[in-house]
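# got a predicted structure plus its sequence, pasted below:
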Amino acid sequence: QGSDTLLEVNNIEVIYNHVILVLKGVSLKVPKGGITSLLGGNGAGKTTTLKAISGLLRSERGEITKGSISYRGERLTGEDPAAQVKAGIIQVMEGRHCFEHLTVEENLLTGAYTRRDGRGATEADLQMVYDYFPRLKERRKSQAGYTSGGEQQMVAIGRALMSRPETILLDEPSMGLAPQLVEQIFGIVKRLNEEQGVTFLLAEQNTNVALRFAHYGYILESGRIVMDGPAAELRENPDVKEFYLGMS
Ligand code: ATP
């Protein structure tokens, strides 16, 4: 990975509730304009890594006890999610988390709350989100709680886009979705990356799809990075094939 590193996680250790050591020295680099994937099974520490970056650990009684995280060369404290959003990083949480009683469009508009550039810009971004997710335009007046899992994932990504992020931390976008929808969501992630220049760090258990769409991958096992490389190389690696792609 080149010198244009946007986000750098340097040997972090994370502990929950003062006792449970979950990340045991995780390091990774996210280049500007790339799609980087963080792979690994259930409980490997993917979500914890994303939360350490976005500042969402504290509300879970989690703490970074060692190492550091920097963004554009400046150190992030990891304690204040609003500061990270201001810096340009936003996390899309696993499980989607819509406001169920608001409409699809109201949900999207909540994503623009940190913006100070007026209604015109917000309106333009709403149109941009609808261009990428035509389905959301059709459903814009529907109560979010009554939309499908795939539509809620689209709402979650769309809402993140409304803050005009430079970097999106995307947690398990494939979770609970039919294969065809997973392809659709990843296809849109790829377009957002290529056309809007959004940088992605995405956590996925679905190694197969993640390595087809990402440029680079890190594999996490029990809180440690055990392997990393360009996605095309990882796809051909015998260990990755055997243990993560299920086709030895
Ligand atoms: P998943 O796909 O299940 O989310 P993951 O790779 O994202 O897996 P994490 O959610 O980061 O893994 O969890 C890593 C470990 O930390 C797990 O053993 C989990 O039980 C533990 N853990 C996660 N959140 C907390 C918490 N708030 N308090 C205590 N332990 C936690």
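Sure, I can see it.
# residues contacting R235?
Shown in contact with R235 (Cβ atoms under 8 Å, 6 or more residues apart in numbering): L211, R212, K241, L245. Quick note: C-beta positions are derived from backbone N, CA and C, even for glycine.
# from those residues, which land in helices?
In helices, defined here by DSSP state H, the members of the contacts of R235 are L211, R212, K241.
# buried subset of these?
Buried members of these, scored by 16 or more other Cβ atoms under 10 Å, are L211.
# can you list the ones in helices among the contacts of R235 in JSON lines and add pLDDT?
Putting the ones in helices among the contacts of R235 into JSON lines (pLDDT from 0 to 100) gives the following:
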{"residue": "L211", "pLDDT": "96"}
{"residue": "R212", "pLDDT": "95"}
{"residue": "K241", "pLDDT": "87"}
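# and of the ones in helices among the contacts of R235, the nearest to the ligand?
For the ones in helices among the contacts of R235, the residue nearest the ligand by Cβ to the nearest ligand atom is L211; the value is 16.6 Å.
# and that closest one, how close does it get to G25?
24 Å (Cβ to Cβ, to the nearest Å).
# show me which pair in the contacts of R235 is furthest apart.
Using Cβ to Cβ, the pair of these lying farthest apart is R212 and K241, separated by 13.8 Å.
# and the ones in helices among the contacts of R235, which is closest to A112?
The nearest member of those to A112, counting by Cβ to Cβ, is R212 at 31.8 Å.
# which residues touch that closest one?
R212 sits in contact with F186, A231, R235, where contact means Cβ under 8 Å, 6+ apart.
# quick one: least confident of those?
Among the contacts of R212, R235 carries the lowest pLDDT, at 94.
# tell me the SS of that residue?
Following DSSP: H, G, I helix; E, B strand; the rest coil, the label given to R235 is helix.
# could you shift the numbering so residue one becomes 23, and keep it that way?
Renumbered: residue one is now 23, and that last one reads R257.
# how far away is it from V48?
Separation of R257 from V48 (Cβ to Cβ) stands at 22 Å.
# ok, and the closest non-adjacent residue to D250?
Once flanking residues are discounted, D250 sits nearest to Y240: 4.4 Å by Cβ to Cβ, 6 or more residues apart in numbering.
# per-residue confidence for that neighbour?
97.
# state the distance from it to the ligand.
Y240 sits 12 Å away from the ligand, going by Cβ to the nearest ligand atom, to the nearest Å.
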